[in-house]
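Q: just to be clear, the model below is a prediction. Sequence and coordinates:
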Amino acid sequence: MSVDLRISPDQIIERYLSMELVRVTERAAVAAARLRGHGNEKAADQAAVDAMRRELNRLPIDGEIVIGEGERDEAPMLFIGEKVGNKQGPKVHIAVDPLEGTTLCAKDMPGSIAVMAMAGAGSLLYAPDVYMDKIACGPGYAKGVIDLDASPADNINALAKAKGVKPNEISTLIMDRPRHAKLIEEVRKTGCSIRLITDGDVAGVIFCTQPEKTGIDLYLGIGGAPEGVLAAAALRCVGGQMQGRLILDTEEKRVRAHGMGVLDPNKKYDMSEMASGDVIVCATGVTDGGMLSGVRFGKDFIETETLVYRSITGTVRRIYGEHREFSKFQLD
């Protein structure tokens, strides 16, 4: 595939790469889904990583992974700084999570996805693999309706007022972790409902992009910083709001973050600081979930469902794929 380098990187992404990126997450999702329910998290993750890397290296881009996965738990990964693409196109930065929700996939539980974001070089926050405190809501609200430094009650009351409902009609999504015990207690005092998830930090924030479909108004809590950047990229495409602050609670983390360009360890990042410029985000379901259907293996075909977000146009595409070639396609 040849690319006319006389047009801008944004035009190249729109004209040539949107569907190519869908293929990247589709292949990763199918590879992981072949191991769905087998109880082997690392094998499923490795299959997704290998498939995603293979497809990325076929793209007409000069790409660099700036958000990878697996550093914290020593899982197989597309690592930060890895170069991808055939070098015959624009310079782009890429954030990936080839298998978001490895445990969900291994146990064939709802909500596992393959997800990636691509933007022009320098558009994605170069975030270290540490935790991040996050808050996010979907589109349709005045800027500043939520604030990471406000209390859970204040945020819920402000969002309810903006939505024109009572606080007990707001639905909040929180990761089910011991670190969130106090947060959950404070949220419950407001009367709003809580949906607890065991895994799926990126998908949890993306749920806010379509509250009418997912029933989620607000995301609260601490999760991975790389996942936060991916989620911020998706929210930017639909006009949602998100803030995050890196949790750099050791000297080693602060030094590592400083080496990646984080000069203020206490900085509160807004969504546009985590993902700027023209961003495309693709997410393909691995297991069935509230946002996407998982991969379906038929006798002579494979079905996939993918969401594609683009920030410059605010477009959200839902793509149902029926892949006849996948039934014969070998993923090794």
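A: Noted; the coordinates are in hand.
Q: pLDDT score assigned to the closest residue in space to residue 88 that isn't next to it in sequence?
A: In space, residue 88 comes closest to residue 60 once its chain neighbours are excluded; the distance is 4.9 Å by C-beta to C-beta, 6 or more residues apart in numbering. Where you see a C-beta, it was placed from the backbone N, CA and C, and this is true even at glycine. If you check residue 60, the pLDDT there is 89.
Q: and residue 60, helix, strand or coil?
A: Under DSSP: H, G, I helix; E, B strand; the rest coil, residue 60 falls in the coil class.
Q: tell me which stretches of this protein form strands.
A: 62-67, 83-84, 91-100, 113-120, 131-137, 171-175, 193-197, 218-224, 241-247, 269-270, 279-285, 296-297, 302-310, 315-323 (DSSP state E).
Q: coming back round to it: for residue 256, see how far away the residue nearest to residue 88 is.
A: Note on residue 60: its distance to residue 256, by C-beta to C-beta, to the nearest Å, is 33 Å.
Q: compare these two (neighbour count), which wins?
A: Taking neighbours as other C-beta atoms under 10 Å, residue 60 and residue 256 compare with residue 60 leading, 19 against 15.
Q: for residue 61, phi and psi?
A: When read as degrees, to the nearest 10, the backbone of residue 61 gives phi -140, psi 160.
Q: residues near the nearest residue to it once chain neighbours are set aside, how many?
A: The shortest distance from residue 61 to any non-neighbouring residue, by C-beta to C-beta, 6+ apart, is to residue 85 (3.7 Å). For residue 85, the neighbour count with other C-beta under 10 Å is 19.
Q: which pLDDT does the model give residue 85?
A: 93.
Q: low pLDDT regions in the stretch 51-200 of the chain?
A: Residues of the stretch 51-200 of the chain meeting the criterion pLDDT under 70: 69-76.
Q: re the thing from before, so the residue nearest to residue 61 sits against residue 63, correct?
A: Yes - taking C-beta atoms under 8 Å as the definition, residue 85 is a contact partner of residue 63 at 4.1 Å.
Q: which residues do those two both contact?
A: 56, 92 (C-beta atoms under 8 Å, 6 or more residues apart in numbering).
Q: list the contacts of stretch 137-148.
A: With contacts defined as C-beta under 8 Å, 6+ apart, stretch 137-148 is touched by 133-136, 154-155, 158-159, 162-163, 208-211, 216-219, 235, 238-245, 268.
Q: tally of neighbours for residue 314?
A: Neighbour count for residue 314, taken as other C-beta under 10 Å: 12.
Q: cool, residue 236 as well?
A: 27.
Q: can you pull the pLDDT of the closest residue to it other than its chain neighbours?
A: If the residues on either side of it in the chain are set aside, residue 236 comes closest to residue 311, at 4.7 Å by C-beta to C-beta, 6+ apart. On the pLDDT scale, residue 311 is placed at 87.
Q: contact partners for residue 311?
A: So residue 311 contacts 233, 236, 237, 275, 277, 278, 279, 280 (C-beta under 8 Å, 6+ apart).
Q: so which of the residues you listed wins on neighbours?
A: residue 233 (31 neighbours).
Q: how much space separates that one from residue 215?
A: Counting by C-beta to C-beta - residue 233 and residue 215 are separated by 23 Å.
Q: thought residue 273 was touching residue 125?
A: Yes - between residue 273 and residue 125 there is a contact at 6.5 Å, judged by C-beta under 8 Å.
Q: ok, those two, which is more surrounded?
A: The neighbour count for residue 273 versus residue 125, taken as other C-beta under 10 Å, is higher for residue 125 (26 against 14).
Q: would you turn the strands of the chain into a markdown table with distance to residue 45?
A: Listed next are the strands of the chain as a markdown table, based on distance: least, C-beta to C-beta, whole Å:
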| stretch | distance to residue 45 |
| --- | --- |
| strand 62-67 | 15 |
| strand 83-84 | 18 |
| strand 91-100 | 5 |
| strand 113-120 | 10 |
| strand 131-137 | 20 |
| strand 171-175 | 19 |
| strand 193-197 | 18 |
| strand 218-224 | 14 |
| strand 241-247 | 24 |
| strand 269-270 | 27 |
| strand 279-285 | 15 |
| strand 296-297 | 19 |
| strand 302-310 | 18 |
| strand 315-323 | 22 |
